[in-house]
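S.K.: One predicted model, sequence on top.
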Amino acid sequence: MTASASASRDLTVTEVRLTPVLVADPPLLNTQGVHQPYTPRLIVEVVTADGITGLGETYGDTKYLELARPLADRLLGHRVDDLNRLFAEADQVAVDAARVSGQVDVGGLRGVQTADKLRLSVLSALEVACLDALGKSLGLPVHALLGGKVRDAVEYSAYLFYRWAEHPEGVTAEKDDWGAAVDPAGVVEQARRFTERYGFTSFKLKGGVFPPEEEIAAVRALAAAFPGHPLRLDPNGAWSVETSLKVAKELGDVLEYLEDPTLGTPAMAEVAAGTEVPLATNMCVTTFAEIKEAFTRDAVQVVLSDHHYWGGLRNTQHLAAICRTFGVGVSMHSNTHLGISLAAMTHVASTVPNLHHACDSHYPWQSEDVLTERLAFEDGTVRVPDAPGLGVELDRDRLAFLHRRWLDDDGALRDRDDAAAMRIADPSWTQPAVPRW
Ligand SMILES: O=C([O-])C(=O)C[C@H](O)[C@@H](O)C(=O)[O-]
Ligand SMILES: [Mg+2]
């Protein structure tokens, strides 16, 4: 497209399509329980007057869907390059007080749930969709709109989970061929398959599932099987300060970092003061408001950004700049997600100079997607797309199929609830009190 053709385009948003979907998810274990067989995501399509469609994706639980329509309506009639105004106006959209919590709640595994963060989690998908549309209109990749990439490929880590081979009997679910991993040998076997299939060279184990001694043994087994490779352990705040310090001492020689060993900034600061092992978080620093206390107290050494809850790609760059200023590392967190989010993560990660740790991604666990072509991991990296926009294409049939599943659900799966999923296997299971150990 010539410059004059793009300049004459009408970038006004005329329609925002919001499509909730349910996506197959394996029985991955965490400290709360186990993943449900299907997880909710929201697919966003922003359509311009000229018929360009931009794609975005975010969390699809009810609390986000409630905000999606009013926030999307604020975009209508404005251009896709008019994003700052959208963000500035967003706080006029009311958030149900029952959804809001200032606690770093282990239940959601997503940190505080302030009104601002809930709005930002939706705005992030609108921002990405607008950038995708703008990039398509200008013939430029999203990373160029963010100032340009500083690397051609973004490194991801193998995200290892303790898991069952299948969801409990009697539950409708998709099957996969990964098999169970409930002990050190199973974890090492899973890691081997990750390296064979995707070439990952660093490993993160989701912990907080078994008593710490068993998880220490699993990390030791990984260190023996993959000597010198970066290893992380993330129990999602399931340990006391004392337990965290004990684990840090026992694994200090092999850990790249320990992720959210304990809950909340004061406890993280206590752990950080007692160990040389860097602490990472995607739980106690998930909003700009939480940065000051955490950095002042030296509670965290690496912030794992999730562009969804930080409010998108530009806010992720702002976060990275703040981290750089304070000498704190930055990398990327993930929750169950599809290819639109992986593309968005890859674009922004490619623009962050101080990204020194492989990013997290659940994507290898997702057998389903809404794209015509899945993104591929090669040598543990995703190549940064250079095609216009995000460089991905929506498969409308797949979108319709996954949306149909959401429509057919009676509501049981429309909100993530790992404890409820665990109760199907163990009716006595309740949301664990923290610290568990
Ligand atoms: O790093 C993390 O804390 C996560 O990836 C949070 C996720 O919710 C993870 O615990 C999961 O998928 O069960
Ligand atoms: Mg984490």
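M.R.: Thanks, I have the structure now. Ligands and ions are numbered 1, 2, ... in the order given.

S.K.: In the stretch 151-300 of the chain, mark out all the strands, start to finish.
M.R.: Applying DSSP state E, counting those that start in this stretch to the stretch 151-300 of the chain gives strands spanning 153-155, 158-161, 203-206, 231-234, 255-259, 279-281.

S.K.: same for the first one, what does it pack against?
M.R.: Spelled out, that is strand 153-155. Here strand 153-155 touches helix 339-351, strand 381-383, going by 3 or more C-beta pairs under 8 Å, 6 or more residues apart in numbering; DSSP states H and E. Where C-beta positions appear, they are placed from N, C-alpha and C, glycine not excepted.

S.K.: Pull up the pairing partners for that strand, direction included.
M.R.: The strands beside strand 153-155 in its sheet (DSSP bridges) come out as strand 381-383 (antiparallel).

S.K.: State the mean pLDDT of the strand it pairs with.
M.R.: Across strand 381-383, pLDDT averages out at 98.

S.K.: near ligand 1, which residues of the stretch 1-150 of the chain show up?
M.R.: Taking C-beta under 6 Å from any ligand atom as the measure of proximity, the stretch 1-150 of the chain contacts ligand 1 at 28, 30, 109.

S.K.: Now the buried members of those.
M.R.: Neighbour-count burial (16 or more other C-beta atoms under 10 Å) applied to those gives 28, 30, 109.

S.K.: Closest one to ligand 2 out of those, please.
M.R.: Leu109 (7.4 Å; C-beta to the ion).

S.K.: Show me what from the stretch 201-350 of the chain comes close to ligand 1.
M.R.: Listed as neighbours of ligand 1 in the stretch 201-350 of the chain under the rule C-beta under 6 Å from any ligand atom: 206, 234, 236, 282, 333-336.

S.K.: can we see that at 8 Å?
M.R.: 204, 206, 234, 236, 259-260, 282-283, 304, 333-336 (C-beta under 8 Å from any ligand atom).

S.K.: rewinding a little: which one of the residues of the stretch 1-150 of the chain next to ligand 1 is nearest Val247?
M.R.: Nearest to Val247 among these is Asn30, at 16.6 Å by C-beta to C-beta.

S.K.: now that closest one: how far from Ala191?
M.R.: 18 Å (C-beta to C-beta, to the nearest Å).

S.K.: What of Gly264?
M.R.: 30 Å.

S.K.: cool, Ser121 as well?
M.R.: 31 Å.

S.K.: Any regions of the stretch 1-150 of the chain where pLDDT drops low?
M.R.: Within the stretch 1-150 of the chain, the stretches with pLDDT under 70 are 1-8, 104-108.

S.K.: in it, which spans are strands?
M.R.: Under DSSP E, counting those that start in this stretch, the stretch 1-150 of the chain gives strands at 13-24, 29-30, 33-34, 38-48, 53-59.

S.K.: list the contacts for Gln113?
M.R.: 63, 99-101, 105 (C-beta atoms under 8 Å, 6 or more residues apart in numbering).

S.K.: Tell me the bridge partners for the residue of the stretch 101-250 of the chain found nearest ligand 2.
M.R.: As assessed by C-beta to the ion, ligand 2 sits closest to Asp234 within the stretch 101-250 of the chain, at 4.2 Å. The residues listed as beta-bridge partners of Asp234 by DSSP bridges are Lys206.

S.K.: ok, and the most crowded of the residues of the stretch 201-350 of the chain next to ligand 1?
M.R.: Of all those, the most densely surrounded is Asp260 (30 neighbours; neighbours counted as other C-beta atoms under 10 Å).

S.K.: Quick check: chain neighbours aside, which residue is closest to it?
M.R.: Nearest residue to Asp260, sequence neighbours excluded (C-beta to C-beta, 6 or more residues apart in numbering): Met283, at 4.6 Å.

S.K.: now swap in Pro40 and tell me
M.R.: With C-beta to C-beta, 6+ apart, the residue lying closest to Pro40 is Gly60, at 3.3 Å.

S.K.: Give me the neighbour count for the one you found.
M.R.: 25.

S.K.: Repeat that for the one 10 residues further on.
M.R.: The local packing count at Pro70 equals 15, with neighbours defined by other C-beta under 10 Å.
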